[in-house]
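Asker: A predicted structure for the sequence below; I have some questions about it.
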Amino acid sequence: MAVKGKICVVFLLFAAVAFISASASFGMSENDEEIRVCKMMCEFSGEDDKPRCIKKCEEYHPEKQKREGEGGEGRGTGHGGSSDRRGGGGGSGDRQDIILAMEEQDVRKMVEQCHQSCQGSQGEQQRPQCFQTCMQKRFRDYERSRGHDTRTRRTDKRQQSNNPYVFKDQHFTARLETEHGNLRVLQKFTDRSDLFQGIEKYRFAYLVAEPQTFVIPNHWDADTLVFVANGKGTITLIEEDSRQSHNIKQGDLFWVPAGITEYLINTDNNERLVLAKIIHSVSVPGELQLFSVGGGDPESSFYNAFSTEVLEAAFDVDRDSLGRITGQQKQKQEQGMFKKATEEQIKSLAGKESRIWPFGERKEKGKGTYSIFKKDPSVANDNGILHEVDSGDFPDLRNINVAFSFFNITRGSMAGPFYNAKATQVLIVPNGVGWFEMACPHLSEQVTRSGQIRPSYEKVSSELRRGTVVVIPAGHPVVIEASGEDNLEVIGFGLKSDKNEWFPLAGRDNVLSQWEDEAIELTFGSPASEVKKVIEKQDQKLFFKGPVRRGRAFA
Ligand SMILES: *[C@@H]1O[C@H](CO)[C@@H](O)[C@H](O)[C@H]1NC(C)=O
């Protein structure tokens, strides 16, 4: 499948090159050419998105675009996570979310940016070539960021039509994407389904910083629990009377209280720093605001909301000097939230652990960071490892009412079935490919016409890939399965239960194994000894050898 896909891409690229050369020599206008290239690239976007992609290409007119730009057309989401771009006006559910995938902005922005970047220095001759190379790169990056090909997307659509539990790349509705890093915030859970009202105050976000990259100081109006899913770096928190720096590495948890300014540096030369964040809003449930000094970008500094006169008075400097922090002067430096740092800057910022300003020995508000590998795993066998952290281990978890778990499921193995007693578990896949199945009572008609309750359950399932987010409500039995190729790593944030209890439904210590013989006989209508042969056969705990799948394979 993957191989076939690649051949297809190569062929299309070749076709696009050939076409461009031809159209250039036939003297088509520059604008036409750009639209042609854009449409060609739509071939990569898959059957479902293709028509929309082509439409967006056709709608692109550089002149019109320029006019709209000057007319002050919306600045998009401003500073990324600062405000939400609601999926399709909200309320229309899954269909809209899927459409979001190839949204207007994506294609139009690509054409616009390539148009602009090729306009300057290039000679007339090179321009089509430049434009095409630029578009190829952007489409490829786009595909990579979505992380799945057209075939899986088509099956996803079927699975998702009645499956609000699974969130993929297109459900990250607030984004800030730059060369040196990106911040993506998942849509509000309640925008997806009313089933998630219990966790409406929580949001999920990813932050990725490329090697040797600095993330400029900012604060949220929300509490944040951060898990370092990959890489290492240094985080600095500015509190009322102190500055704390903590070195962080894969497997660390740390807590950033609402309103605390933080900055961050990826100190590694090769690895990306990837942070998975659970954010708990403190004012409007589920609404988040990011406050930033803008990093040399006048448009996205909160200082610029004030009148110049006010700032002159507040800082007691003149207008020109003010430009140093509001970014109105000509900046040599690149703009944005992510900045490339030099060797020396990194060395200095990385520094030593827990640097305290001004005189040290201040009572720290948080305990800093906690490595999930510090304690023995709660379950470990050949088929997988489960690390769990609750507020007993890391008291900061109590502030946000979240329990943490990390599953490392051996390839070809599975975890569960199990269920969580009180927590709604948000599962995130940082690495690997797999599958999950959940028993879900909401999707089937439970009450018969005569008003009798007759419970019945439907299987909710989906492929799991890097970046997939799944919500498992409390009480719902679930199985997580790794592909035969690689280990499947799964981060679990147990929301609204900092002491997460979970119950296995098969294997050692499973719920049934605790029942009295009479209860077993009355329930299943067979002699307890016979039933117990089934209940007690599997002697592994939680992690088992995976199923033999007939007619379906992963990856
Ligand atoms: C998961 O397990 C594999 C195999 O033992 C190991 O290589 C990998 O580092 C583990 N992942 C984490 C995050 O510990």
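Answerer: Ah, there it is.
Asker: just want the residue of the stretch 351-500 of the chain that's nearest the ligand.
Answerer: Nearest residue of the stretch 351-500 of the chain to the ligand, counting by C-beta to the nearest ligand atom: Asn408, 3.7 Å away. All C-beta spots, glycine's among them, are computed from the backbone N, C-alpha and C.
Asker: next, give phi and psi for the spatially closest residue to that residue that is not a sequence neighbour.
Answerer: Spatial nearest neighbour of Asn408, chain neighbours left out: Ile385 (4.6 Å); criterion: C-beta to C-beta, 6 or more residues apart in numbering. Backbone dihedrals for Ile385, given as degrees, to the nearest 10, come out at phi -130, psi 140.
Asker: tell me, what residue is most central in the protein?
Answerer: Centroid-nearest residue in the chain, with C-alpha atoms, centre = their mean: Tyr206, separated by 4.3 Å.
Asker: so what does the helix or strand where the residue of the stretch 351-500 of the chain closest to the ligand lies touch, helix or strand wise?
Answerer: Under the criterion of DSSP states H and E, Asn408 resides in strand 402-409. In terms of contacts (3 or more C-beta pairs under 8 Å, 6 or more residues apart in numbering; DSSP states H and E), strand 402-409 is packed against strand 222-230, strand 384-389, strand 478-482, strand 488-495.
Asker: hmm, Leu183 is touching Ala209, no?
Answerer: No: with contact defined as C-beta atoms under 8 Å, Leu183 does not reach Ala209; the gap is 9.4 Å.
Asker: can you report how many residues lie near Glu530?
Answerer: Glu530: 11 surrounding residues under other C-beta atoms under 10 Å.
Asker: ok, His171 next?
Answerer: Neighbours of His171 using other C-beta under 10 Å come to 22.
Asker: over to Ser378?
Answerer: Going by other C-beta under 10 Å, the residues that sit close to Ser378 add up to 14.
Asker: thought it was touching Asp390?
Answerer: No: using C-beta under 8 Å, Ser378 is not in contact with Asp390, being 10.2 Å away.
Asker: and Val310, that one's in a helix?
Answerer: Yes: looking at Val310 with DSSP: H, G, I helix; E, B strand; the rest coil, it is inside a helix.
Asker: identify the residues contacting it.
Answerer: If you count contacts by C-beta atoms under 8 Å, 6 or more residues apart in numbering, Val310 has none.
Asker: relative to Tyr303, how far out is it?
Answerer: Val310 sits 10 Å away from Tyr303, going by C-beta to C-beta, to the nearest Å.
Asker: what does Ile400 give?
Answerer: When Ile400 is compared with Tyr303 (using C-beta to C-beta), they lie 29 Å apart.
Asker: so for these two, which residue has more residues nearby?
Answerer: More crowded of Ile400 and Tyr303, by other C-beta under 10 Å: Ile400, with 22 against 18.
Asker: dump stretch 522-532 to PDB, keeping only the CA atoms.
Answerer: The C-alpha coordinates for stretch 522-532 follow below in PDB (Å, rounded to 0.1, in the frame of the first residue of the first chain):
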ATOM      1  CA  LEU A 522     -26.900 -17.200  39.100                       C
ATOM      2  CA  THR A 523     -25.400 -14.800  36.600                       C
ATOM      3  CA  PHE A 524     -24.300 -17.200  33.900                       C
ATOM      4  CA  GLY A 525     -26.500 -20.200  34.600                       C
ATOM      5  CA  SER A 526     -23.600 -22.700  34.500                       C
ATOM      6  CA  PRO A 527     -21.700 -24.400  37.400                       C
ATOM      7  CA  ALA A 528     -19.200 -22.000  38.800                       C
ATOM      8  CA  SER A 529     -16.400 -24.400  38.300                       C
ATOM      9  CA  GLU A 530     -17.000 -24.500  34.600                       C
ATOM     10  CA  VAL A 531     -17.200 -20.700  34.300                       C
ATOM     11  CA  LYS A 532     -14.100 -20.200  36.400                       C
END
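Asker: great, nothing more from me.
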